[in-house]
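# could you look at this predicted model? Sequence included:
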Amino acid sequence: MTDYTHQFRAAVVQAEPVWNDLDGGIDKVIALSREAKANGASIIAFPETFVPGYPWYLWLDSVAWQSQFTVAYAQNSLEIGSEQWRRLERAAGEIGITIVLGFSEREGGSMYMAQAVIDDTGRTVMTRRKLKPTHVERTQFGDGDGSDFEVVDTPVGRVGALNCWEHLQPLTKYALFAQQEQLHVASWPSFSLYEGVVNALGAEVNVGASRQYAVEGQNFVLAPCAVIGEAARELYADTEQKRQFLSRGGGYARIFGPDGRSLAEPLDPAEEGIIYADIDYAGILAAKNAADPVGHYSRPDVFALHLEKRGRLPKVTAEQVRAEAPEASTSSTSSSSATEAEAQPAAAVL
């Protein structure tokens, strides 16, 4: 049964990553998680590829020029189940907060734009990969598949996550709505690239995508967003033109309610920090009374969505991480959550 009486505080990060520094990035994740917990938060959400930082060099010059950064980036990407991963799990459990992390996942010699949910007991509940990297991201990152496309049960309710322009994919969004998602993490890298030149890469469109997701799905949306500071520009912008392309700031972290309202005062785009909102799931019921596109406001006799859950890629799963942990949990797993999601009424997912 889905609980709509739950109330809690959520935290959303707007901060600059520790570029190409895996251990330093994890230090920052843990420090921000401690800060959020001290301010009463039960869950904290981080930007896209916050560890080890979004690879902005992909947008700035030729593939030949980019190659100087690729090995270091891969070396500092995060392996699921590694000691660094265990450190994150231990921290989540010790702090007592659910962490939703955006990271560059390395498996073997390949990388993926990944997200993970680690609950407040230190249990990895879910890991997923961006289904289709955007534009030049495809020169470095591989595709995900449907095997990890799920909404999972957590201590703060049913949580789903997407990266960046996955929020422009109507079928992708609908597949999460249909799994009775209550809290959605919309992870973004920052909105500072080509500022004022290409609107589709800017804040107005993409903040709007986060808000629209909340309204369409009648859920709460946590939208973390990274910041570009001088450290990023010194690393990746070796000419004045590149410095103009990669401008400072770009942080537009937001929290939206199921009726589209902004629930937190935004920070300045160049400011690092955490924004907070108090979440009450009763608001979902109020919003769905008017329009529920996977319930009373749907037409399953006219439209049907097929979600292919069979995986095509080898990967370390959340279940494997738990099974290999020194003290493996025997509580419910993400696979059980997936089973529940697949068992939704035919009107929701077909």
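That came through, no problem.

# got the buried residues for whatever helix or strand L285 lives in?
Using DSSP states H and E, the secondary-structure element containing L285 is helix 282-290. Within helix 282-290, the residues that qualify as buried by neighbour count (16 or more other C-beta atoms under 10 Å) are G283, I284, A287, K288. (Glycine included, C-beta is placed from N, CA and C.)

# got a list of contacts for that helix?
Y4, T5, Q182, V215, Q218, N219, F220, G257, P258, D259, G295 (C-beta atoms under 8 Å, 6 or more residues apart in numbering).

# again, 7 Å this time
Y4, T5, Q182, Q218, N219, G257, P258, D259, G295 (C-beta atoms under 7 Å, 6 or more residues apart in numbering).

# report the contact partners of the last one.
What that stands for is G295. G295 is in contact with K288, counting by C-beta under 7 Å, 6+ apart.

# now the fifth one
By C-beta under 7 Å, 6+ apart, the contact list for N219 reads E181, Q182, L183, H184, P258, I284.

# closest one to Q66 out of those residues, please.
For Q66, the closest of the contacts of N219 turns out to be H184, at 31.9 Å, with distances computed as C-beta to C-beta.

# tell me the SS of the closest one?
At H184 the chain is in strand, as set by DSSP: H, G, I helix; E, B strand; the rest coil.

# show me the beta-bridge partners of it.
As for beta bridges, H184 partners with G160, V221 under DSSP bridges.

# if any of the contacts of N219 are buried, put those into a PyMOL selection.
Buried members of those can be picked out in PyMOL with the line below, counting by 16+ other C-beta under 10 Å:
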select buried, resi 181+182+183+184+258+284
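
# would you convert the contacts of N219 into a markdown table that also reports pLDDT?
Putting those into a markdown table (pLDDT from 0 to 100) gives the following:
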| residue | pLDDT |
| --- | --- |
| E181 | 97 |
| Q182 | 98 |
| L183 | 98 |
| H184 | 98 |
| P258 | 97 |
| I284 | 97 |
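
# now tabulate the contacts of N219 in CSV and tack on distance to G122.
Below are the contacts of N219 laid out as CSV (distance: C-beta to C-beta, whole Å):
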residue, distance to G122
E181, 23
Q182, 22
L183, 20
H184, 23
P258, 30
I284, 28
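
# so where's the stretch 151-300 of the chain shaky on pLDDT?
197-198 (pLDDT under 70).

# all helices for it, in order.
Remark: helices assigned in the stretch 151-300 of the chain by DSSP state H, counting those that start in this stretch are 170-177, 203-217, 230-236, 240-245, 282-290.

# mind checking which of these is nearest A325?
Ranking these by proximity to A325 (C-beta to C-beta) places helix 170-177 first, at 27.3 Å.

# what's that closest one packed up against?
Using 3 or more C-beta pairs under 7 Å, 6 or more residues apart in numbering; DSSP states H and E as the contact definition, the elements that helix 170-177 packs against are helix 203-217.

# quick one: the helix it packs on to chain centroid distance?
Offset of helix 203-217 from its chain centre (C-alpha atoms, centre = their mean, to the nearest Å): 14 Å.

# just the strands from this protein, written as ranges.
7-14, 43-45, 98-107, 110-118, 124-129, 152-154, 157-163, 183-187, 220-223, 254-256, 273-280 (DSSP state E).

# what angle do the first one and strand 273-280 make?
Counting by axes from the mean of the first three to the mean of the last three C-alpha atoms, to 10 degrees, strand 7-14 points 160 degrees away from the direction of strand 273-280.

# who does strand 7-14 pair up with?
Under the rule (DSSP bridges), strand 7-14 has strand 43-45 (parallel), strand 273-280 (antiparallel) as partners.

# the contacts of helix 282-290 into JSON lines, with extra columns for distance to Y54?
Below are those laid out as JSON lines (distance: C-beta to C-beta, whole Å):
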{"residue": "Y4", "distance to Y54": "35"}
{"residue": "T5", "distance to Y54": "37"}
{"residue": "Q182", "distance to Y54": "27"}
{"residue": "Q218", "distance to Y54": "30"}
{"residue": "N219", "distance to Y54": "25"}
{"residue": "G257", "distance to Y54": "27"}
{"residue": "P258", "distance to Y54": "29"}
{"residue": "D259", "distance to Y54": "31"}
{"residue": "G295", "distance to Y54": "36"}
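
# give me the number of residues near the nearest residue to F191 once chain neighbours are set aside?
Spatial nearest neighbour of F191, excluding adjacent residues (C-beta to C-beta, 6 or more residues apart in numbering): A203 at 4.0 Å. Counted with other C-beta atoms under 10 Å, the neighbours of A203 add up to 20.
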